[in-house]
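J.: Everything below, folded, please.
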Amino acid sequence: MATYSEIKGNNIPIRSADPTNPLVGEIWYNTTTRVLKGLISQSAAWSTGPNTSRTFNSGSGLGNYDGAVIFQGASGSPAPNPVSNQTEEYTGSAWTSAPSYPFSGRDGAGTGVATSGLGICGHGPSGPSTTCNEWTGSSWTGIPANPTPLRSNTAIGIETAALNFGGGEGAGETTVGKTQEYNGSSWSDSNAMNTGRKNAGGTGTQTAAVAAGGGGYPGVPEPTQGALAEEYNGTCWSNSNNVVNPRNSEAGMTGVQTDSILYGGSSPPGPITATEAYNGTCFSNISGATIPNPGGGYIQGNGSTSPLSPAYHVRGGPNGTATFTAPGPATVTITSS
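T.: Here you go, the predicted structure:
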């Protein structure tokens with residue numbers, strides 16, 4: 001292990017704080033933390049993580065690069081029974097039990113960060129539900145119900161500025177493109193999507209969002225619908241360029257409207273392993289970013305915030321947690337003294 005005296009003669013800059021905008025290849029010694037650091041260029045990659053304590057089949061999730069929360073879902077495969085109200089938290093190293101969700105169900109939507117977010121609708125014992133709840137970082141509390149009973153819907157944003165769209169409505173679970181905004185105290189309708197869909201991927205904010213994939217809309221073949229993408233500008237939706245790999249069910253997205261990734265999910269004939277980047281205009285495959293646990297994921301690293309890295313893809317139980325590392329510059333610890 002190198003010490004300060006050993007590296008002092010190598011013309012390495014000595015700093016009391018890390019530089020604000022270092023260059024790739026730059027090395028420095030931080031005298032405050034007593035750590036030798038450098039900036040490298042890293043490739044995109046997924047890595048595996050710990051399992052949840054139980055299966056969360058068709059569960060819901062929320063989170064960002066600081067951690068994640070997973071809740072509801074069926075305890076076996078295939079869904080629907082038995083459904084659960086269990087909640088677990090992830091801090092980057094392990095899953096731990098958390099206060100139960102207020103009702104048992106599956107196929108709802110979650111959005112927000114690890115310390116504050118929303119659970120929206122879902123399929124309860126009697127069918128699609130209007131129930132919504134807020135996660136405070138330590139417990140769940142009830143909020144105004146959604147005006148429409150939904151399941152397999154998608155939500156993005158934060159607890160005071162959320163966007164909910166798509167899903168299966170009512171007892172017949174009709175696929176819709178319904179779009180709703182939540183301001184922290186009440187719901188309001190917005191303009192519908194051009195193509196309704198269940199189980200779509202989505203990310204961004206209440207005023208700048210992107211949705212991709214999904215299925216279930218009458219008259220639109222699954223492979224075709226799984227490739228469709230749309231952007232939301234705070235008022236209405238407009239069609240975007242298609243995804244590279246159609247994803248008809250439970251695809252994940254994270255990032256912002258102009259810089260995001262699409263991953264996981266499935267489409268005939270099976271799970272999708274490729275990860276795609278979206279730059280606000282088009283989708284492209286990310287070389288080498290093959291997801292280790294393909295298929296439907298129930299925490300999608302949630303999209304209201306940047307940076308992209310890490311993002312979480314959680315299938316629950318033995319399928320484990322996958323963490324995405326974004327390509328680009330990264331500060332690494334070389335050694336410490």
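J.: so where do the helices sit in the stretch 101-250 of the chain?
T.: Along the stretch 101-250 of the chain, counting by DSSP state H, counting those that start in this stretch, helices occupy 222-225.
J.: Could you break this protein into its assigned domains?
T.: 4-42, 46-327 (automatic domain parsing).
J.: Would you convert the ones you listed into TSV that also reports mean neighbour count?
T.: For glycine as for every other residue, the C-beta is placed from the backbone atoms N, C-alpha and C. Converted to TSV, the domains of the chain look like this (neighbours: other CB atoms under 10 Å):
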stretch	mean neighbour count
domain 4-42	13
domain 46-327	21
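J.: Of those, which is nearest Ile334?
T.: domain 4-42 (4.5 Å; CB to CB).
J.: In space, what's closest to Pro218 - neighbours in sequence excluded?
T.: Thr175 (6.9 Å; CB to CB, 6 or more residues apart in numbering).
J.: Can you name the residues bridging to that neighbour?
T.: Beta-bridge partners for Thr175, by DSSP bridges, are Gly168.
J.: re the thing from before, by mean pLDDT, show me the worst of the domains of the chain.
T.: Lowest mean pLDDT within these: domain 4-42, a mean of 78.
J.: wait, isn't Val35 in contact with Ile27?
T.: No. In this structure, Val35 is not within contact of Ile27 by CB atoms under 8 Å, at 11.3 Å.
J.: Find residues that contact each of these two.
T.: Both Val35 and Ile27 are in contact with Ile334, where contact means CB atoms under 8 Å, 6 or more residues apart in numbering.
J.: what pairs with the closest residue in space to Arg15 that isn't next to it in sequence across the strands?
T.: Closest residue to Arg15 apart from its sequence neighbours, by CB to CB, 6+ apart: Trp28 at 5.2 Å. Counting by DSSP bridges, Trp28 forms beta bridges with Lys37.
J.: show me what contacts Trp28?
T.: Counted by CB under 8 Å, 6+ apart, Trp28 has contacts Ile12, Pro13, Ile14, Arg15, Asp18, Pro19, Pro22, Leu36, Lys37, Gly38.
J.: Mind checking which of those are in helices?
T.: Within the contacts of Trp28, no residue falls in helices by DSSP state H.
J.: quick check, nearest of these to Ala171?
T.: Asp18 (57.0 Å).
J.: Pull up the gap between the closest residue to the closest one other than its chain neighbours and Leu36, please.
T.: Leaving aside its chain neighbours, Asp18 sits nearest to Asn30 (6.0 Å; criterion: CB to CB, 6+ apart). Asn30 sits 8 Å away from Leu36, going by CB to CB, to the nearest Å.
J.: With Asn183 instead?
T.: For Asn183, the distance to Leu36 - CB to CB - is 48 Å.
J.: what do you get for Thr281?
T.: In terms of CB to CB, Thr281 sits 40 Å off from Leu36.
J.: and if you look at Gly25?
T.: 14 Å.
J.: so which helix or strand takes in Ile261?
T.: strand 259-263 (DSSP states H and E).
J.: Adjacent strands (with direction) for that strand?
T.: For strand 259-263, using DSSP bridges, the partner strands are strand 252-256 (antiparallel), strand 276-278 (antiparallel).
J.: Just name whatever secondary elements the helix or strand where Trp46 lies is in contact with.
T.: Assessed by DSSP H and E, Trp46 sits inside strand 45-48. Judged by 3 or more CB pairs under 8 Å, 6 or more residues apart in numbering; DSSP states H and E, strand 45-48 is in contact with strand 321-325.
J.: who does the strand it packs on touch, helix- and strand-wise?
T.: strand 45-48, strand 311-314.
J.: which stretch among the ones you listed comes nearest Pro149?
T.: That would be, of those and by CB to CB, strand 311-314, which comes in at 25.9 Å.
J.: can you give me the offset of the closest one from its chain's centre?
T.: Offset of strand 311-314 from its chain centre (CA atoms, centre = their mean, to the nearest Å): 6 Å.
J.: Please apply the same query to stretch 23-43.
T.: That offset, for stretch 23-43, works out to 30 Å (CA atoms, centre = their mean).
J.: likewise stretch 142-157?
T.: Worked out by CA atoms, centre = their mean, stretch 142-157 lies 17 Å from the chain centre.
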